[in-house]
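Asker: with the input below, show me the fold.
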Amino acid sequence: MIRDMTNLSSQLTRDMAELNGHMVRSYAAALTDDYNKDFKGTYGAPNSEILTSYYTVRARSRTLAKDTPHGKSITRTYANNVVGHDPFRLTMRLGKQVKKPSPKTGQEVSVFEPETETNQLIEKEWRKFGRPENFTVRRTISRMEAFRQAEMEAITIGSILIRHHRDFPGNDYGYAVDLLESDRLMDNFMGRSKRNNPIRFSIEFDRRWNFPVFYWVLTRHPGEYFQSNYTNPKGQDGTKIYREEVPAADIIHYNNLRDRAEQDIGFTELDSIVRDMHHNFQYARALTLASVASCCKPFVVEKDFPTGLQYTPTPEEMGAMFQRNAGLDGTAGGAADELPRTQLDPVKLQQGNIPPTQGMSPAMTQVMEWGFKMKVLDPKFPIEAAHEFRIDNLKDIAAGAGISYSAMSGDFQSLGYIAAQMSKQPERDNFAVRQQNFVDVIVRPIFRNWLKAAILKGILDLDIRRLEEFVDAAYFKPKRWQFTDKLREVQAVILQENAGHLSPQQVQDQMPDGIDYEDVVAQRAEANALLEAHGLPTTAAPTIVKEQEDVPDEPVPGQPAGSAETAPPPKKKTANPLNGNGKAHGIDPLTMALLSETELVPGSPPARR
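Answerer: Predicted coordinates:
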């Protein structure tokens, strides 16, 4: 029976192994062999994986961002492109649609009628609020610098806290913000609150719907060593409060864009390139040390021990050698230097009985004792693959950081127009996504709180009941980028406008430092009025681009004119949008001449840039 049970067990084992072989899906990505045994996968929830890595990764990312050139380049590039120098310029589009008769047909058409005075008033006060003395409670940080800090913190460590202060006495609006590093949220503060809500990363969430209700913010930065700069508030019982319970409505928690669905906090944008950046920094330092050593020509003195008979010094001779090398016999270091000495040489005392060292001078000759020979150390610099390795590594870093290699490395030498355009497009798509997220999470909430406070304080004489209407009418223009080739790209925009694919407002929005189109029209009217007052001609009015026109066939050399067999096909001549002094596009002659170096007047010499 035992034998039969053993055979049955073996048979069942074989059958199960065969069955499993038929049922297993052999995806190559899941197979493990000798070449990928170190390829470990992770199975934790997003918050669990962040918790086990957040502290170390945050410290390393900050070190790379402040101590390595490419780390600083990445954070600066994001701040320059997402925020810029004039961040999210406000344009108010408050007004309503009204029906008016058309001056041409007489039929009623819907026309947008703006509340110009209200729009200009809000825009003016918003610009004033962005000054350093008004924007933050510290009164030293402008809106531009604060927004740059927010973006750089999100890139470096993953998040930042912006706290609303609605009773701030330091400005006329009664409102300001305070920027706090996310270190104020202890990542290991977990558990349940007194309301039985879950707490994760010091954030208390609603137990039913998982939205933040309170932020448990430390009253002082955990890495602050100057304790005298902070005074912990005290509770009703007189004990110090080290963690403050702040309502979620008073906190803007700006996170780096999250990758997973149930992720509570943002993680650094440098997560995939932290090790590569450190390796690149190590490699650069090793190359530097190797080059320094190569220039120094270091050498060592090597002693060969004899293989045959050798003489063993007597104790008296050994003692005399010790005294001579240490300078205790009244000499300066041995037979090679018999100058009298007045005091002990600390260098000789430290060297003991080893051969004394001497400084070399030009054309100096030194006879070494038997058994000693000089050997030069060659650090083998430069390494042939050093340059290629650093370039490939920087390309990997640029891909992981979401910016172009040329922008991060500063290498623009090999880029032509098309290559420069193509290299910028992916990163600008990334920047545009981040700009929209920045407006939704930071800019519009701050604008709403400021506008409410300004109306309640009487700075803006507006109806508070229209607050949401005012907020919805606010348009925040993100940064737009300089043209790589101004002539080509401006020409393309003008052609799109003349073809009816773009409105003048859209064209103006594409300008790097463009203002609102209404302001453009007003400024052009002011300029024309000023020109007329001084008796000068005004700017030309825009017209339509000329259509293509046929050009007579050119005779082929060696063939009679008009030969249909050998004559080339008729050529189409496209009207150059930049000819005609720019009148075809409403551009004044001087501007067009500066753009294209065409002639101001037919027959005149070309204009210089």
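
Asker: not counting its neighbours along the chain, what's nearest the residue nearest the centre of the chain?
Answerer: Closest to where the C-alpha atoms of the chain average out (C-alpha atoms, centre = their mean) is Y78, at 2.8 Å. Spatial nearest neighbour of Y78, chain neighbours left out: I155 (5.0 Å); criterion: C-beta to C-beta, 6 or more residues apart in numbering. C-beta coordinates here come from the backbone N, C-alpha and C atoms, glycine included.

Asker: check that neighbour and give its pLDDT.
Answerer: With respect to pLDDT, I155 scores 95.

Asker: can I assume it sits in a strand?
Answerer: No - using DSSP: H, G, I helix; E, B strand; the rest coil, the secondary structure at I155 is helix, not a strand.

Asker: pull the number of nearby residues for it.
Answerer: Per other C-beta atoms under 10 Å, the neighbour tally for I155 reads 26.

Asker: that one contacts I74, doesn't it?
Answerer: Yes - counting by C-beta atoms under 8 Å, I155 touches I74, with 6.9 Å between them.

Asker: in terms of helices and strands, where is W216?
Answerer: According to DSSP states H and E, W216 maps onto strand 212-218.

Asker: ok so I160 is a strand residue?
Answerer: Yes - assessed with three-state DSSP, I160 lies in a strand.

Asker: and the gap between it and R220?
Answerer: With distances taken as C-beta to C-beta, to the nearest Å, I160 is found 17 Å from R220.

Asker: low pLDDT regions in the stretch 251-400 of the chain?
Answerer: 305-312, 321-360, 365-366, 370, 379-383 (pLDDT under 70).

Asker: show me where it has its helices.
Answerer: 274-296, 315-326, 346-351, 386-401 (DSSP state H, counting those that start in this stretch).

Asker: CSV please, covering these and showing mean neighbour count.
Answerer: Shown next, in CSV, are those (neighbours: other C-beta atoms under 10 Å):
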stretch, mean neighbour count
helix 274-296, 15
helix 315-326, 13
helix 346-351, 13
helix 386-401, 16
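
Asker: tell me if T91 really is in a strand.
Answerer: Yes - per three-state DSSP, T91 lies within a strand segment.

Asker: and it, what does it touch?
Answerer: T91 is in contact with 123, 474-477, 516, counting by C-beta atoms under 8 Å, 6 or more residues apart in numbering.

Asker: distance of it relative to Q120?
Answerer: 11 Å.

Asker: I160 and R220: who's more crowded?
Answerer: Between I160 and R220, counted using other C-beta under 10 Å, the more crowded position is I160 (25 against 14).

Asker: what's the separation between that one and K477?
Answerer: 23 Å.

Asker: what's the answer for E123, then?
Answerer: 12 Å.

Asker: hey, what's in contact with both of these two?
Answerer: In terms of C-beta under 8 Å, 6+ apart, E123 and K477 are both contacted by the residues 90-91.

Asker: what does the domain assignment say about the protein?
Answerer: The record's domain parsing of the chain by automatic domain parsing lists 48-187+250-269+430-477, 271-298+377-401, 313-355, 482-538, 541-554+570-609.

Asker: how about the strands in the stretch 1-150 of the chain?
Answerer: For the stretch 1-150 of the chain, the strands defined by DSSP state E, counting those that start in this stretch cover 89-92, 95-101, 108-114.

Asker: poorly predicted segments of the stretch 1-150 of the chain, please.
Answerer: Looking at the stretch 1-150 of the chain by pLDDT under 70, you get 20-26.

Asker: count the neighbours of the residue nearest to E113 when sequence neighbours are not counted for me.
Answerer: Residue nearest to E113 in three dimensions, not counting chain neighbours: V98, with 4.9 Å by C-beta to C-beta, 6+ apart. Neighbourhood size, V98 [other C-beta under 10 Å]: 11.

Asker: now do the one 10 residues further on
Answerer: Neighbour count for E108, taken as other C-beta under 10 Å: 11.

Asker: distance-wise, check it relative to P101.
Answerer: E108 is 6 Å from P101, by C-beta to C-beta.

Asker: give me the three-state assignment for H501.
Answerer: Classified using three-state DSSP, H501 is coil.

Asker: could you list the low-pLDDT ranges of the stretch 401-550 of the chain?
Answerer: Across the stretch 401-550 of the chain, the ranges flagged by pLDDT under 70 are 413-414, 416-417, 513-514, 539-550.

Asker: show me where it has its helices.
Answerer: Along the stretch 401-550 of the chain, counting by DSSP H, counting those that start in this stretch, helices occupy 405-409, 417-438, 444-457, 467-472, 486-498, 504-510, 517-533.

Asker: give me the contact list for the shortest one.
Answerer: Contact with helix 405-409 is made by 70, 73-74, 77, 394-395, 397-398, 401, 411-412, 415, 420, 423-424, 427, as judged by C-beta under 8 Å, 6+ apart.

Asker: ok, R258 - how many residues close by?
Answerer: Applying other C-beta under 10 Å, we find 15 residues neighbouring R258.

Asker: mind listing what the closest residue to it other than its chain neighbours touches?
Answerer: Using C-beta to C-beta, 6+ apart and skipping the chain neighbours, the partner closest in space to R258 is G266 (5.8 Å). Neighbouring residues of G266 by C-beta under 8 Å, 6+ apart: 154, 158-159, 254-258.

Asker: kindly recompute the last result at 7 Å.
Answerer: With contact set as C-beta atoms under 7 Å, 6 or more residues apart in numbering, G266 has these partners: 154, 158-159, 255-256, 258.

Asker: quick check, nearest of these to V441?
Answerer: N255 (8.0 Å; C-beta to C-beta).

Asker: the closest one and Q482, how far apart?
Answerer: Distance of N255 to Q482, given as C-beta to C-beta: 30 Å.

Asker: what's the burial count for the nearest residue to K100 once chain neighbours are set aside?
Answerer: Distances taken as C-beta to C-beta, 6+ apart put V111 closest to K100, at 5.1 Å, once the chain neighbours are dropped. Neighbours of V111 under the rule other C-beta under 10 Å: 13.

Asker: ok, V111 to I203 distance?
Answerer: Taking C-beta to C-beta, one finds V111 at 48 Å from I203.

Asker: F412 too?
Answerer: Going from F412 to I203 by C-beta to C-beta gives 43 Å.

Asker: go on, G371?
Answerer: G371 sits 73 Å away from I203, taking C-beta to C-beta as the criterion.

Asker: same check on A79?
Answerer: 26 Å.

Asker: and L415, by the same measure?
Answerer: Distance, L415 to I203, using C-beta to C-beta: 45 Å.

Asker: Q11 too?
Answerer: Per C-beta to C-beta, Q11 is found 58 Å from I203.

Asker: more neighbours: which of these two?
Answerer: More neighbours sit around I203 than around the other of Q11 and I203, counting by other C-beta under 10 Å; the figures are 21 against 10.
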